[in-house]
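> Any chance you can model this:
(2 chains, ligands or ions: 1)
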Amino acid sequence: MNSSVTGKKEYKFSEIIADPVIKERFEKVRKYFFLRESTYDMTHRCNVRCEGCYYFAGEKQFAEENLDENSWQTLLEAEKERGITFVVLAGAEPSLVPQLCEVCYRTIPLGAIATNGLIHIPLHIDYKIHISVWGNDQTSLEIRKAKDMLARQIVNYQDDPRAIFVYTFTPVNIDQAREVTALLAQNGHKITFNMFSAPEGYQGHLRHDPDTLARTRQTMTELLLQYPETVVYSHYNIVAHTDPKGLHALYSCSYPRRNPLSDIGLGRSFRQYRTDLQWDREAACCVPDTDCDDCRHYAAGSAVVTARMYRHASDPESFKAWLDYVDTYLAVWVKDYTKGQNLCDRFIAPPSAEA
Amino acid sequence: MQNDISQTTIRIAQILINELKLDDVTPETFDPDLDLVDEVGVDSMDLATVALVLRDEYGIRIDEDDYPKLTTVRIIAEYITNKLRSDD
Ligand code: SF4
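Residues are numbered from 1 along each chain as shown, chains lettered A, B, ... in the order given. Sure thing, here's the model as predicted:
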């Protein structure tokens, strides 16, 4: 849409990038444009069972487990050959198969492991470790059937530079984020935020509604301002993940499951391997079996929002917001990447595809 | 028109070289028929950056859905030329 219709000034990209602060941040993040991710289910076992866990939705939980290290080695070498530079090891619980995580690390040394944090992953597997938190320990006991979860996670990963806690906001734990963040801050940990995204067909009480989304937005904003050293997030992350519309409606998801293009970007490179080392293009995304209309998952956003750089290069504030998002995503996922100060401290509306 | 396309081709090659820091090639020697993804290693984020520079330079918007079609410098030059013509 042109400026005569919207009344908004049209910026050239060169004008936006002429701001030295924007330029510096853009140069910082674009060094990581080489990252090409794929994800891998390491085992179908887990030592806890959480209500609403997307791993135990759909068919992938029934894939046979391949525990043969040589098969994994062969797969990872082929992945590297294919251009994959970043691996995400996930569901069910990768800490139960550290020997397989180690094979992956030896072959592709950039990556992250999603874990419930109850079993410590050996230090020499030097991936980023995402420790999932679903509320305070009372709530964890109810939803995850595990005692003293947060206390155990904190001890297991004390002073571990790989660790970041990922707090999943559900309708029932919004207020508890305050006590959890305070406790993590006291212990010198970092926290980022995730949103419960319903598995397909899930109609339980953890599904968000407009009211819980608005309350989550308010709580995230408070915590971001109150704990700038602890909370790894930005105003634009809050916008993207608490909008009543899901990520797919806002940005058009770029994962193969929703993206028919197979020539470039995630549509070309992304695969989601199951425990039998097979993958299926129709199901391939970072959170398979999630209901796309309800998808606000942090892992999905990392790729989906980042891919829409062009749309955000419409004016300096939108581009700053996008840079904050990418800076956050890199700090959450890439070990040794240090997040800068957020450049945009207000809510910017997501741009339309016409931007 | 042929001449326009060849000038555009050189200019696009120059932009690619600058943005992707391809130090070992010049715009004049850049093969306009190289596959940008398979042979030059360009991916969607690189292409988005190049698309923004082209937006500045030619005043045209490159649809995100068109990225996969833009497989070579020559094809990008044709795409731009066609867009400019259809905007006339
Ligand atoms: S669940 Fe989310 S990440 Fe997966 S295809 Fe749907 S919108 Fe994309």
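> B:V37: what's its closest spatial neighbour, skipping adjacent residues?
Leaving aside its chain neighbours, B:V37 sits nearest to A:I264 (5.8 Å; criterion: C-beta to C-beta, 6 or more residues apart in numbering or on different chains). In short, each C-beta sits where N, CA and C put it, glycine included.
> and what of A:Y11?
What sits nearest to A:Y11 in space, not counting adjacent residues and going by C-beta to C-beta, 6+ apart, is A:D315, at 5.2 Å.
> list the contacts for that neighbour?
Contacts for A:D315 (C-beta atoms under 8 Å, 6 or more residues apart in numbering or on different chains) come out as A:K8, A:K9, A:Y11, A:I16.
> Tell me the pLDDT of it.
At A:D315, the pLDDT value in this model is 96.
> what's the answer for the one 5 residues further on, then?
pLDDT, the model's per-residue confidence, is 98 for A:K320.
> How far does the one helix or strand it maps to sit from its chain's centre?
Following DSSP states H and E, one finds A:K320 within helix A:316-333. From the chain centre to the centre of helix A:316-333 is a distance of 13 Å (C-alpha atoms, centre = their mean, to the nearest Å).
> Briefly note if it comes near the ligand.
No: contact between helix A:316-333 and the ligand is absent, the nearest approach being 13.9 Å (criterion: C-beta under 6 Å from any ligand atom).
> by contact count, what packs against that helix?
Packing partners of helix A:316-333 (3 or more C-beta pairs under 8 Å, 6 or more residues apart in numbering or on different chains; DSSP states H and E): helix A:20-30, strand A:128-133, helix A:235-242, helix A:298-304, helix A:309-312.
> Looking at the ones you listed, which is nearest to A:F56?
strand A:128-133 (14.0 Å; C-beta to C-beta).
> Can you name the element that comes right after that closest one?
helix A:137-144.
> Let's see that following helix as CSV, backbone CA atoms only.
Output in CSV follows, covering the C-alpha atoms of helix A:137-144 (Å, rounded to 0.1, in the frame of the first residue of the first chain):
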residue,chain,number,x,y,z
ASP,A,137,6.0,-26.5,42.1
GLN,A,138,2.4,-26.9,43.2
THR,A,139,1.2,-26.5,39.6
SER,A,140,4.0,-28.7,38.3
LEU,A,141,2.9,-31.4,40.7
GLU,A,142,-0.6,-31.1,39.4
ILE,A,143,0.1,-30.8,35.6
ARG,A,144,3.4,-32.8,35.4
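> pLDDT (mean, whole number) over it?
82.
> Name the residues of the helix or strand following it that are buried.
Next along the chain after helix A:137-144, taking DSSP H and E as the criterion, comes helix A:149-156. Neighbour counts over helix A:149-156 (16 or more other C-beta atoms under 10 Å in any protein chain shown) mark A:M149, A:L150, A:R152, A:Q153, A:I154, A:N156 as buried.
> helix or strand for the closest residue to the last one other than its chain neighbours, which one?
It stands for A:N156. Of all residues not flanking A:N156 in the chain, A:H120 sits nearest, at 4.6 Å (C-beta to C-beta, 6+ apart). Secondary structure assignment for A:H120, by DSSP H and E: no helix or strand.
> who touches A:H120 in this structure?
Taking C-beta under 8 Å, 6+ apart, we find A:H120 in contact with A:S95, A:N156, A:Y157.
> out of those residues, who's nearest the ligand?
A:S95 (24.1 Å; C-beta to the nearest ligand atom).
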